[in-house]
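Undergrad: generate a structure from the sequence data that follows.
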Amino acid sequence: MEQKDDQMKISVLSSGSTGNVTYIETPRRQVLVDAGLSGRKIERLMQSIGRDLSTVNDLFVTHEHTDHVKSVGILARRYPQLNVYANQLTWQAMLPKIGKVPLAQQHIFETGALKSFADLDVQSFGVSHDAIAPQFYQFQHHDKTFVILTDTGYVSERLSAQISDATAYLFECNHDVEMLRMGKYPWPLKQRILSDKGHLSNEDGADGLMDVIGNKTKDIFLGHRSLNNNMKEICHLTVASTLKQHDFGVDHDFKLYDTEPDDASALLAL
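TA: The predicted structure is shown next:
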């Protein structure tokens with residue numbers, strides 16, 4: 001029982017172009033990454049995995065886009081124990097969108113910083129995206145590490161080295177390139193998504209994963225799937241087949257999980 005209680009557990013509450021929220025817990029800490037849905041929906045998703053927002057300690061914000069910050073202010077006002085972390089530029093860009101956040105709950109987490117929260121260590125890292133100062137996070141509890149990386153146009157060699165060989169990843173596979181090119185979006189928006197400050201395609205996600213998967217890697221969540229320019233089956237098949245073609249042990253050495261915009265993944269112990 002002691003071994004079970006000392007685990008880090010994760011649930012991708014929601015991931016996609018319409019909203020993003022991830023839950024992480026250790027024996028002494030409960031945290032969220034982003035709050036891109038309505039407060040009520042996040043409450044329901046938490047209840048679906050047997051957890052409650054009233055016990056969450058911290059909320060880490062990646063960037064100011066609405067699908068990541070929609071209810072940051074609502075949750076902060078509704079749950080006064082909740083400490084909200086973002087870098088200074090993101091705070092400046094986010095506050096006009098989210099309404100008042102009590103000063104006591106506002107905290108700065110600059111890009112590249114490492115902070116400890118009881119039994120959870122959190123490292124932030126910058127990404128290439130069309131937000132003011134986007135950053136994502138790596139979470140470590142004992143020898144287990146969970147990395148969230150979505151909303152980036154590319155993954156640099158330096159970043160790959162920094163986040164390699166994690167126990168689990170939530171990794172962006174936003175769009176199928178042909179679906180995007182043939183779809184209804186206006187050309188400037190297509191160009192933005194395809195750019196180095198846009199989003200990773202299914203192929204890009206697979207390529208990025210090949211650079212970071214290590215012997216410790218056991219669980220990979222395919223995230224931030226576009227509602228209009230991707231399909232769950234295409235995303236999963238593209239990534240799985242690409243990894244297998246390069247001799248990665250899909251379903252043997254590690255598991256690939258799909259994520260959903262409206263349903264939380266089961267609480268997974270790493």
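Undergrad: what helix or strand is the nearest residue in space to residue 34 that is not next to it in sequence on?
TA: Distances taken as CB to CB, 6 or more residues apart in numbering put residue 68 closest to residue 34, at 4.2 Å, once the chain neighbours are dropped. (C-beta placed from N, C-alpha, C; glycine too.) Secondary-structure assignment from DSSP states H and E places residue 68 in helix 66-69.
Undergrad: which residues does that helix contact?
TA: Residues outside helix 66-69 that contact it (CB atoms under 8 Å, 6 or more residues apart in numbering): 16-20, 34-36, 61-63, 94, 97-98, 151.
Undergrad: ok so, going back, per-residue confidence at the residue nearest to residue 34?
TA: Listed pLDDT for residue 68 reads 98.
Undergrad: can you spell out which helices and strands pack onto the helix ranked longest in the chain?
TA: Secondary structure of the chain per DSSP state H: the longest helix is helix 232-245. For helix 232-245, the helices and strands in contact under the criterion 3 or more CB pairs under 8 Å, 6 or more residues apart in numbering; DSSP states H and E are helix 202-212, strand 219-223, strand 255-258.
Undergrad: for the longest one, packing partners?
TA: Think helix 202-212. Right, helix 202-212 is packed against helix 157-163, strand 168-172, helix 232-245 by 3+ CB pairs under 8 Å, 6+ apart.
Undergrad: picking that back up, what angle separates the longest helix of the chain from strand 219-223?
TA: Between the axes of helix 232-245 and strand 219-223, defined by axes from the mean of the first three to the mean of the last three CA atoms, to 10 degrees, the angle is 140 degrees.
Undergrad: got the end-to-end distance for stretch 144-160?
TA: End-to-end distance for stretch 144-160: 18 Å, by CA to CA, to the nearest Å.
Undergrad: whoops, I mixed them up, stretch 164-183
TA: Its start and end residues considered, stretch 164-183 measures 34 Å (CA to CA).
Undergrad: buried stuff in that stretch?
TA: Buried residues in stretch 164-183, counted by 16 or more other CB atoms under 10 Å: 166-177, 179-180.
Undergrad: distance to residue 29 for those - can I get that in JSON lines?
TA: Shown next, in JSON lines, are those (distance: CB to CB, whole Å):
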{"residue": "166", "distance to residue 29": "18"}
{"residue": "167", "distance to residue 29": "17"}
{"residue": "168", "distance to residue 29": "17"}
{"residue": "169", "distance to residue 29": "20"}
{"residue": "170", "distance to residue 29": "18"}
{"residue": "171", "distance to residue 29": "23"}
{"residue": "172", "distance to residue 29": "25"}
{"residue": "173", "distance to residue 29": "28"}
{"residue": "174", "distance to residue 29": "29"}
{"residue": "175", "distance to residue 29": "34"}
{"residue": "176", "distance to residue 29": "37"}
{"residue": "177", "distance to residue 29": "39"}
{"residue": "179", "distance to residue 29": "39"}
{"residue": "180", "distance to residue 29": "38"}
